[in-house]
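Asker: Quick one, fold the following:
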Amino acid sequence: MRNIRNIIVFLLIGFVLIEICFYFSAVIFILLQWGPAKLNFSAIRPNLHNFPANLVPTMLNYIAHWLKYGKQYSDSTRTNMLIALIAPFVFTLVFLWAFKAKIMSWRPFKKKEALHGDAKWAGERAIVKAGLRSKKGILLGKDSHGYLIADGFQHALLFAPTGSGKGVGFVIPNLLFWNDSVFVHDIKLENYELTSGWRKSQGHAVYCWNPADPEGMSHCYNPIDWVSSKPGQMVDDVQKIANLLMPEQDFWVNEARSLFLGVVLYLLAVPDKIKSFGE
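Answerer: Okay, the predicted model is just below:
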């Protein structure tokens, strides 16, 4: 019932806007065609005199006469008619477009807010409207109608006590389901061991960076590989690496950075030296 009343209100507002546009169309046409001397605001319909008979706009009479005797109209009259007819509606459409967000959200008849809130469990229609029946994205869960999947790159917050199944119930299923790139902070390596094989089989390049592994089983990154071979650029590149590893602080850190710079430049300058952080 509330929605029906809102629709009726919007229809009435739309009718009033159309009537106003036709009123100003007649005003503009009279001004363009005959000038201000012929303008009589109270005689132009629609108006509230002799209501509701005067709801039929004067502009409609001009249009009907134009359609019937159009050949008798001069080019200037036709131009004035078109300008007068189009201008108010264009202005109204621009105004409505500028405030479309507020207009779309406005409802004259709203449901009264409950004393303890209006939150409720979502039904299937609300779930579909929220975009939670996508074919790819973040796997959130499952109900009787299928999987709940949020398409996109939204933030997701998951919190639960230790041992409650966050990894088994959410992280691992998503690592198997997610088709895009992913970066996982996996201290126990459980996620890597259970999902890396599947992701490799799907064409993903999988890397495990584990510098604390006692057996040294880890993918590596050697920033020295990116240092330029040109002498001038070489010094600048090594200085940037040193500043990242040891930001400018007290005396001892500065001296360590200078030592690092000298050692790395020496290794780069001698062809047969190993040029690697790990070795």
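
Asker: give me the number of residues near D225?
Answerer: For D225, the count of nearby residues is 9 (other Cβ atoms under 10 Å). Bear in mind the C-beta positions are built from the backbone N, C-alpha and C, glycine included.

Asker: just the one 10 residues further on next, same as before
Answerer: For V235, the tally of surrounding residues (other Cβ under 10 Å) stands at 16.

Asker: secondary structure element for it?
Answerer: Taking DSSP states H and E as the definition, V235 sits inside helix 231-245.

Asker: What residues of that helix count as buried?
Answerer: 234-235, 237-238, 241-242 (16 or more other Cβ atoms under 10 Å).

Asker: Walk me through the domains of the protein.
Answerer: For the chain, automatic domain parsing gives the domain ranges 2-105, 154-219, 223-269.

Asker: In terms of mean pLDDT, which of those ranks lowest?
Answerer: Among the domains of the chain, domain 223-269 carries the lowest mean pLDDT, a mean of 85.

Asker: Show me the contact partners of stretch 11-26.
Answerer: 44-47, 55, 57-60, 62, 84-85, 87-89, 92 (Cβ atoms under 8 Å, 6 or more residues apart in numbering).

Asker: Quick check: which element contains F29?
Answerer: F29 is part of helix 2-33 when elements are defined by DSSP H and E.

Asker: so how far is that helix off the chain centroid?
Answerer: 34 Å (Cα atoms, centre = their mean, to the nearest Å).

Asker: after it, next one along is what?
Answerer: Past helix 2-33, the next helix or strand by DSSP H and E is helix 58-68.

Asker: What residues of the helix or strand that that next one is followed by count as buried?
Answerer: Next helix or strand after helix 58-68 toward the C-terminus (DSSP H and E): helix 75-98. Going by neighbour count (16+ other Cβ under 10 Å), the buried part of helix 75-98 is 77, 80-81, 84-85, 88.

Asker: ok, now stretch 17-34?
Answerer: Across stretch 17-34, burial judged by 16+ other Cβ under 10 Å covers 21-30.
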